[in-house]
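*Asks:* model this:
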Amino acid sequence: MDTVTNSAYNVTEYITRDLKKGAIIPKGPLVLGLAAAAGSILANLLTITAIVSSRLNKHSTHILVANQSSCDLLVAVNTIATYVRAIYSHLLPLWLANVLRLANSVTMHSVIVISLGNSLLIGVDRFIATVSPFKYKSIATKKRVYYTIGLMWLGVIGVLAIPLVIHNINRKLDDWIINMTELTTIYPQGFPAFVGVLMCSLMVTNFILYFAIMVAFQKVSGRVESINATGQKSRKLTSTVAIVVMFTLVFYCPFVVYLMLPPAKGKADVVKRMLAQVALVLITFASYINNIIYPLRQPKYRQAYLKVIGCKKATSNVNPTSMNNTE
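*Replies:* Numbers count the residues shown, from 1 in each chain. Reported below is the predicted structural model:
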């Protein structure tokens, strides 16, 4: 199984490959990963439901947050799938285990790239809201946001799928299924570095964009539209988004570093395997973090959450006119 260190999506492989030799997943990462994933699934389902079922779904930023939660939900599901597949794959038929293996690894990395792309979309949305608040509603319409989200998903899937298709276009089906046992024969050489560079580029672009937002944030702080009630809410939403994205970028760093590292053997292989465990746990925590920060800093989210879980008394104490203001 040493060749699997060259596989394109080898985070899940490093975590699972030694189980066939009788090894076990370290209890610390296993417990942390499963606990974070379970919490993330519940929290992201709550966030998506809260946004879809309230007036938050009329605002482009919150629609993008719901899309981010969808990505985070898939990350959490894939984390659980990684551990479950690792522990119980020997009970499955070989072809099914291999299909789940490929789907698990491809989905995890595709969703992370989409998540980083969605963070960029949220940043562009808040940049427009910051520098052109009077034109914001006419520019960031729901229709445009939905189209942009759809195009982003298709674009990312296309970018990651095209090399895979080209590499395997002349491969016979039987040969393709057999070789799924070694992902190195399915993915083009150098593909992990390509994915890592893509993620790194998106992270750097996110950092530059949100730095520009903070600069614009300071420049417009004295404007009339920034000091009235609606402007203050918009500024707080912008700062909340920036906090969420910064946490996400930090938690994604080990994952991106891992992808860009060359194949390792011996002691270096042990270090890389440990990094894989840490990376998986951290990206799972990243999928959970926004569900804590948004309700802590945004009353509208708290109200929407309480409405979903049935706390009518709590939601009735909120001024209804506050839900009519848009950022």
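
*Asks:* Contacts only, for the spatially closest residue to Leu249 that is not a sequence neighbour.
*Replies:* Nearest non-adjacent residue to Leu249, counting by Cβ to Cβ, 6 or more residues apart in numbering: Met203, 5.3 Å away. Bear in mind the C-beta positions are built from the backbone N, C-alpha and C, glycine included. Listed by Cβ atoms under 8 Å, 6 or more residues apart in numbering, the contact partners of Met203 are 116, 249, 252-253, 256.

*Asks:* Report the distance from the helix or strand Met203 falls within to the chain centre.
*Replies:* If you go by DSSP states H and E, Met203 is part of helix 191-219. For helix 191-219, the distance from its own C-alpha centre to the chain's C-alpha centre is 14 Å (Cα atoms, centre = their mean, to the nearest Å).

*Asks:* And stretch 126-141, by the same measure?
*Replies:* So, by Cα atoms, centre = their mean, the centroid of stretch 126-141 is 25 Å from its chain's centroid.

*Asks:* which parts of that stretch are buried?
*Replies:* Judged by neighbour count using 16 or more other Cβ atoms under 10 Å, the buried positions of stretch 126-141 are 126-130, 133, 136, 140.

*Asks:* Ok, stretch 241-260 next?
*Replies:* By neighbour count, with 16+ other Cβ under 10 Å as the criterion, the buried positions of stretch 241-260 are 241-245, 247-249, 251-252, 254-256, 258-259.

*Asks:* And stretch 190-207, by the same measure?
*Replies:* Within stretch 190-207, the residues that qualify as buried are 191-192, 194-196, 198-200, 202-203, 206, counting by 16+ other Cβ under 10 Å.

*Asks:* Dump that stretch to PDB, restricted to CA.
*Replies:* Only the C-alpha atoms of stretch 190-207 are listed here, as PDB (Å, rounded to 0.1, in the frame of the first residue of the first chain):
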ATOM      1  CA  GLY A 190       1.000  15.400  -9.800                       C
ATOM      2  CA  PHE A 191      -2.700  15.800  -9.100                       C
ATOM      3  CA  PRO A 192      -2.400  16.200  -5.300                       C
ATOM      4  CA  ALA A 193      -0.100  19.200  -5.800                       C
ATOM      5  CA  PHE A 194      -2.500  20.600  -8.400                       C
ATOM      6  CA  VAL A 195      -5.400  20.400  -5.900                       C
ATOM      7  CA  GLY A 196      -3.200  21.800  -3.100                       C
ATOM      8  CA  VAL A 197      -2.100  24.800  -5.300                       C
ATOM      9  CA  LEU A 198      -5.700  25.400  -6.200                       C
ATOM     10  CA  MET A 199      -6.700  25.500  -2.600                       C
ATOM     11  CA  CYS A 200      -3.700  27.600  -1.600                       C
ATOM     12  CA  SER A 201      -4.500  30.100  -4.400                       C
ATOM     13  CA  LEU A 202      -8.100  30.400  -3.200                       C
ATOM     14  CA  MET A 203      -7.000  30.900   0.400                       C
ATOM     15  CA  VAL A 204      -4.500  33.600  -0.600                       C
ATOM     16  CA  THR A 205      -7.200  35.300  -2.700                       C
ATOM     17  CA  ASN A 206      -9.700  35.100   0.200                       C
ATOM     18  CA  PHE A 207      -7.100  36.700   2.500                       C
END
